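Trainee: Quick one, what's the 3D model for this:
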Amino acid sequence: MSDISKEALPTNLAIVINGEKIVEYQRDRALATKHAADLDNLDLKLAKGIELADSQISQPSFQDKSTFVAQLLVNALMHENDAHAAISCAWLATRCPDLKQVQAEQKEDRLTIRLIYDKEYVVASSLKFIPKHQLNS
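Mentor: As a prediction, this is how the structure comes out:
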């Protein structure tokens with residue numbers, strides 16, 4: 001038996017696009033030294049300013065940075081850019097340890113992204129309804 005309780009294990013980060021889990025980042029795996037350096041470089045770039053919602057933000061808050069990186073991640077996944085997706089996902093998972101999900105919804109030309117901190121991803125289950133006349137009493 002393991003001495004580690006379930007609460008002690010880090011929660012994985014789920015990336016969900018249009019209701020489907022696309023990626024799950026496993027936080028219990030160590031980050032390679034090169035990747036850690038890549039994340040530090042991304043931090044430096046983000047500190048210089050970002051463009052978010054058609055606005056230039058010269059001194060972005062942590063929330064601004066997180067939202068910006070989530071947009072980078074979703075766009076990278078949608079355009080199959082694995083390198084950008086990997087670094088963006090790793091940044092979110094390491095810099096936002098309480099983040100449990102990134103949910104994105106694409107409707108026509110609008111992309112909505114939500115950062116979920118309070119609810120882990122669970123596979124939606126469907127209910128099968130049986131007509132009343134088919135139930136055995």
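Trainee: Could you report the distance from Lys128 to Gln134?
Mentor: Lys128 is 11 Å from Gln134, where distance means C-beta to C-beta, to the nearest Å. Quick note: C-beta positions are derived from backbone N, CA and C, even for glycine.
Trainee: Which residues are in contact with Leu99?
Mentor: Contacts were defined as C-beta atoms under 8 Å, 6 or more residues apart in numbering; by that measure Leu99 touches Leu13, Ser66, Leu92, Ala93, Leu115, Ile116, Tyr117.
Trainee: can you give me the helices in this structure?
Mentor: For the chain, the helices defined by DSSP state H occupy 33-47, 62-78, 82-95.
Trainee: Tell me which of the ones you listed lies nearest to Ile17.
Mentor: helix 62-78 (6.5 Å; C-beta to C-beta).
Trainee: So which residue is dead centre in the chain?
Mentor: The residue at the geometric middle of the chain, judged as the C-alpha nearest the mean C-alpha position with C-alpha atoms, centre = their mean, is Val102 (3.2 Å).
Trainee: That one against Ile15, yeah?
Mentor: Yes: Val102 sits in contact with Ile15 when judged by C-beta atoms under 8 Å, with a separation of 5.0 Å.
Trainee: and Ile130, how many neighbours?
Mentor: The local packing of Ile130 (other C-beta atoms under 10 Å) involves 8 other residues.
Trainee: For Pro10, the count of nearby residues, please.
Mentor: Applying other C-beta under 10 Å, we find 12 other residues in the vicinity of Pro10.
Trainee: In contact with it, which residues are there?
Mentor: Counting by C-beta under 8 Å, 6+ apart, Pro10 has contacts Arg27, Asp28, Pro97.
Trainee: lowest-confidence helix or strand of the chain?
Mentor: Taking all helices and strands of the chain together, the one with the lowest average confidence (mean pLDDT, DSSP states H and E) is strand 50-52, at a mean of 89.
Trainee: that older thread, just the buried members of the contacts of Pro10?
Mentor: For the contacts of Pro10, burial is judged from neighbour counts taken by 16 or more other C-beta atoms under 10 Å, and it is met by Arg27.
Trainee: how about the contacts of Pro10 in JSON lines, adding distance to Asp54 and pLDDT?
Mentor: Shown next, in JSON lines, are those (distance: C-beta to C-beta, whole Å; pLDDT from 0 to 100):
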{"residue": "Arg27", "distance to Asp54": "33", "pLDDT": "92"}
{"residue": "Asp28", "distance to Asp54": "38", "pLDDT": "91"}
{"residue": "Pro97", "distance to Asp54": "30", "pLDDT": "94"}
